[in-house]
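> Coordinates only, no sequence provided:
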C-alpha cells in the first residue's frame, strides 16, 4: 500500500515543533508512533501535506513522578507504559489497558499520546486514564494547559487540541486510599483484536461501602464515556454483587453504541453489562487487597 | 524535506546509506532499496506482522515505520540472524520443530520471537502467545512455533545436520529408510533465513511495475474510459483498458468461461478489473490509477443468492441466455428412492443451515512477473500460483500462443488454500504489458485488492432433510443447496457438484437426492477453498446427525459408527472407496479424547463435540478435457552417482509436498534423502503436473515420482548386476547401497553402480507418470466430480469453554485421528492437520466476508476480517490411523483438505453441548450464542 506525498519535518526541540505546527497550519499533522496514522494515510483517509515527527523530542518521553503526580510523556510506548513499575504502582489499570493494545509490535511502536490523539472510540488507554482521574497536559504557543482526560474527546477522531497544540503528557494523581481499579475488554479473538466493548472501573471502598466510583466505557459511544448513572448507583452503596449488578444494568442503559460488523447495539449493551459487573467485582477485590 | 533525503542507518550490523523519499517506509527501504526481501509485506497496515524487524532491539512492523524516522537507528532483519554461515539457534529450532509451512510469515515470526527472547530467554507459553499474537500464520504452524520457542536454547552450538529427528513424530515403524521418517523440510533452511524467494521478491533489470484499477460500483456499463491523464503522468509507460485485451473469455471450467482480462463493457462487482497501468515503479502506477476517468451507467445489482433466483432480479450475465434467473450451475442428483427412504424412517429432521463467505487469506498476496523474449516470441511468467500448468494453459488460450512457448515458473508460494488455483488478471496484464513494452513487468495485489478479487468460499444456503431408522441408520437424505457464487463462474461448477458429492462418501446413504443451484450475484466471484464446497454441507450434516442422535437417545459417536463407510464400497453415487479406516478413527478419537467421561458430564459452559470428514486424494479428471497423465516426473542420476535431480512441476505452496516427493524418490531409488536435488517448479525444467489442488500431490505426484525412481533405479541395478555377475532382479537398494537381500555381504555402493551405468549407456534417466484409473464415476451428469483414486477419512473431537456472559468460545482441545493412508512425513502430516484445525476454528467462530448494502466489502483486510492468532490456537492431539491405500505410493492418500472437514461440525456440536444453543448459521459468533441463550431463557419462562 502506498503513502501519498508529504513534506517531512523532524524538529529537534519542542518550541521548534510548536513553531512549525503554527506556521504550517491545518495541512500539518504530528506523527507519533505511526501505528494509527500510517494506515490511515495509506487508506487515504488522512492526507497531510506536512508530517511533523515527534521522535526527537525527549521532553515528550518517559515516565516519572513529578509534583506528587505520575507523568507519562505522550511519546511513551504502550509497552513501556505496560511494563513500567511506576505505572503499575500508581495506576495499574492503565498498565493493564496499555498491555491490551494491539500486538507486541504495535505496543512497542505505538504511543499512549497517539492513542489519545487518534481519539478512536475503541482506544484502550483512555477509559483507564479517565477512571484514574488523569489529566492531559497540552502545550501550545501560549504555554501549557491541562484538561481532564474525559473532556479531551469530542467525537470519533476528534479531540480538544487546538490546531497549534500538542499533547505533551498524561498526568495521573495518586490513587486514593482503599481504591482498586480494573479494565475489562472484549475482542472477537484472543490476540490482537480491537475492543467491541470495554469497561474501566475504579472503586474506593471503605468499611464495605463504596465511597467513590468511576466507570468509563470504551467502544460504545462516540467518546470514552463516563457512566454517570452507574456511578450514582454505586456511590454510597454496599460493595457487593447486587449493587454492582444494578450499576452494570445502568451502564448498559446509558451507553450509546452503534451497530457494525463487530457487534450490534443490543450485543454491545449486553457486553457493557457483563464487563461492568466483572470490572466492578475485580476493582472491589483489588480495593480490598489495597487495605490488607 | 519533500525530495529524496539521504538516510544513514545500521542494518544487520552494517552501516548503510540510502536516498529515500519521505513517504518511504522502512519496509520499502529494506526490500526495494537494500534488496533485503526476507522481510515480507502481507498487509501494509500492521495487521499481519510479516514485516516484523527489530528496531533498536524492539519488534516493529516495518510497514508502519517511516524510513525518515529511522535515521541513525539500528535495524535487524531476518538476513542478519544467521552468523558466519551458521543458523541462529532459534532458526534451527524452527527447522527442527517444523514450525513453518509456506514460510511467508516465518521471517516476521522469527524476528518477533527474537524480540521476545532477547528480553525473556525462557518465556512461558502464555508469554509466547502474547508476544506473537501480532504475527499471523495462515498455515497455522502455531503449536510448533510454541514448541520452537520453548526449547530453542537446546539448539545453541549444535550443527543443524547432526541434530536427531524427534522420534515422537513417527507414527508407525515400518521397514522403510526414508518414507515415514520425520525428515527436515526440504525448503525449511532457506525459509528461516529469508533466502527463499517468493514472486514479489524477484527483480529483473529494467523491470516495470503494474497496477489494476477496480470498479467502484457493483453493477454497471462502462460508457467511457479516458486514460490520457494517466498516460501523461511522468513515469507511466503504458495503459490497458478492456479494448486492449483479447476478446477471448477465460475462466476455470471450460463449460463456463465468462471472464475477460479487463472488463469489456460491463462491471459486475466492486473491484471488477477495468484498466491497468504500468510504470517505472509501483508508486507511480498506483498514482496513475487515480487519473483514469471511467464513466459508468450504474445498473441495479443483486447480492443475495435466493433474491438473485427470483423472476425479475437483475441479471449478472444478461449476455448469455443460458444463465436465466442467474442460475450459473444446476445440479440434480437422485440416487435410490428418497421418498421411500423417508417413508421408512423412524425420524425425519429438516433444517436450514447457512454458511459463511470465508476467504483463504494466505499471508502472501498474489503476484506475477512476466518477461517477453522478442526473439522467438517466448513468454516467461513467474507466478504465486498453485497451478502452474493451468496458468500456462489459460495464458496460451487468451494470448493465442502455443502452450510450449509459455514458460511458467512457480517460486516459493506463501500459502494458497485454493485462492491461487486460477489465472488472474495479474498474470495476463503483466504478460500483455511485457510484450507491449519489451520490459519485464511485476504486478501484485495489495491485501485489499486480493480480497476484492476474492475466489473465497461460497456462502451456501443449505436445506437438509435427514431420515433415520430407529437404530440410527440413515435411510434417506435430501439436500437442496443454493451456492452464492458472485459475479463469475471461477471453480463454481465444480463447487456445486462437490457440495453434493462428498456427503455419501462418509456414511452409507442408500437414498440420496441433491439439488444444487450455483447462483450469480454482484459480489466478488467465489472459487475453490480447502475442502472445496464440502465444509459447509459437512457442518450442516454433522450438526443434523447430532440432532438426530439426541432425539433417538443415541450417543453421537455411536450414530456415526452405525453409518460409517467401510472399505471396498461403491457408493450409490458411483464412487469407489478402497481403503477406509473411518471406524477406527471414530474409536480412537472416542478413546483418546475421554469422550465417555466427558460427554454430557461437563459443567455448564463446557462442552465436547464430534465431527467427521473425508476428501478426495486428487480429482479423478482434469479441469479441462485431456488424455495427458496428471503427474509426470523425470529423475536424472548425476554423473558421479552421488546425487539425483528430481524434475517435477508439482506445486508446493507450503504444504510440504516437495519434501514428500523427495522422500518418495529417495526411498524408491535406495539413496539417502540428502542426495536428492529438487529442481525448481518450472515448465521448462519439468514435465506437466496439474498442480496443488484437490489434495492430489502426494498420491498422483508421488506415484509419478515412484515410477520415475524405479525406472532410474533399474538402470543402476542393471549395471550393478553386470558387475556382480548376478541377475538384476536379485538386487535391492537402500541408503546408498546395492545388495542381495538374502546375502547382504554381496553388495556395492549405489554411486559406483550409477557411474557404471552412465559409462555404459549415457545419461541415467528415469521417467514416471500417473493417470487416475479410467472410467471412474457414475454414468450421469456430473458423475465425474468427486471421483478419485482414494478417499481420506477423519474424526475430530473438540472441547470448548463458552463464556456464558459474553458468548465467547474458547476451543480448549482438539483430538483428531485421520486416515490419510501411509504417512510419508509425520511432521508434514500433523502440520496439515493442526493447520486445518486452527483454520477450521476460524471459519467456525470468527470468519466472514461482509458486504455493505451497495456490494462493497466491509472488511477486505486483516484488521476487520479476523483469522486465528497463536493465542486462539487450541491444544491439538493429532494422530494417524494408517490404512494402506493400494493406489497410493507406499499406501499413501491425502490429508491436506479432508482434515479441515470434521472440525466445524465438532466445534458446533461442542458449543451445543456446552450451552444448549444450536447455531445453524456460520460463523458461530459470541453474539449468536448469547442470542440463543436468551431465547432459551425466554422459552423456559
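Arrived safely, thanks for sending. Treat the numbers as computed from the prediction; the structure is a model and nothing was measured.
> Let me know the pLDDT of the nearest residue to residue B:446 once chain neighbours are set aside.
In space, and not counting its chain neighbours, residue B:446 is closest to residue A:1: 5.3 Å by CB to CB, 6 or more residues apart in numbering or on different chains. C-beta here means a position set from N, CA and C on the backbone, and glycine is covered the same way. On pLDDT, residue A:1 comes in at 83.
> how many neighbours does residue A:1 have?
21 (other CB atoms under 10 Å in any protein chain shown).
> For it, list the residues it contacts.
A:42, A:43, B:44, B:45, B:63, B:446, B:447, B:448 (CB atoms under 8 Å, 6 or more residues apart in numbering or on different chains).
> Please, which helix or strand holds residue 189?
In the absence of a named chain, this looks at chain A. Under DSSP states H and E, no helix or strand contains residue A:189.
> oops, chain B please
Assigned by DSSP H and E, residue B:189 falls within helix B:188-193.
> next one: residue A:146
Assessed by DSSP H and E, residue A:146 sits inside strand A:143-148.
> and residue B:596, that's in a strand?
No: with DSSP: H, G, I helix; E, B strand; the rest coil as the criterion, residue B:596 is assigned helix and is not in a strand.
> Name the SS class of residue B:796, please.
strand.
> what's the answer for the one 3 residues further on, then?
The assignment at residue B:799 comes out as strand when based on three-state DSSP.
> Near it, how many other residues are there?
26.
> can you tell me which residue is nearest the centre of chain B?
Computing the C-alpha centroid of chain B and ranking residues by CA atoms, centre = their mean puts residue B:417 first, at 2.0 Å.
> For that one, which residues are in contact?
Contacts of residue B:417 (CB under 8 Å, 6+ apart): B:138, B:360, B:361, B:362, B:529, B:530, B:839.
> what do you get for residue A:108?
A:77, A:78, A:79, B:58, B:59, B:60, B:115.
> Let's see that with 7 Å instead.
A:77, A:79, B:58, B:59, B:60 (CB atoms under 7 Å, 6 or more residues apart in numbering or on different chains).
> For the stretch 151-292 of chain A, what lies in contact range of chain B?
A:186, A:188-193, A:261, A:263-264, A:267, A:270-271, A:274 (CB under 7 Å from any CB of the partner chain).
> mind running it again at 6 Å?
Counting by CB under 6 Å from any CB of the partner chain, the positions of the stretch 151-292 of chain A adjacent to chain B are A:186, A:188, A:189, A:190, A:191, A:192, A:261, A:263, A:267, A:274.
> taking the residues you listed one by one, which sit in helices?
A:267, A:274 (DSSP state H).
> With the flanking residues excluded, which residue is spatially nearest to residue B:818?
residue B:794 (3.9 Å).
> Quick check: the one you found vs chain A, distance?
As defined by CB to the nearest CB, to the nearest Å, residue B:794 lies at a distance of 25 Å from chain A.
> now do residue B:357
Taken as CB to the nearest CB, the span from residue B:357 to chain A is 13 Å.
> Can you pull the residues of the stretch 1-150 of chain A lying near chain B?
Counting by CB under 6 Å from any CB, the stretch 1-150 of chain A sits next to chain B at A:1-3, A:5, A:7-8, A:34-35, A:38-39, A:53, A:55, A:103-105, A:108-109.
> ranges for the strands of the stretch 151-300 of chain B?
Secondary structure of the stretch 151-300 of chain B by DSSP state E, counting those that start in this stretch: the strands cover B:208-214, B:220-226, B:236-241, B:266-267, B:273-279, B:293-298.
> Could you find the residue in chain A that comes nearest to chain B?
Chain A approaches chain B most closely through residue A:103 (2.1 Å), counting by CB to the nearest CB.
> picking that back up, so how many other residues sit close to the residue nearest to residue B:818?
For residue B:794, using other CB under 10 Å, the count is 32.
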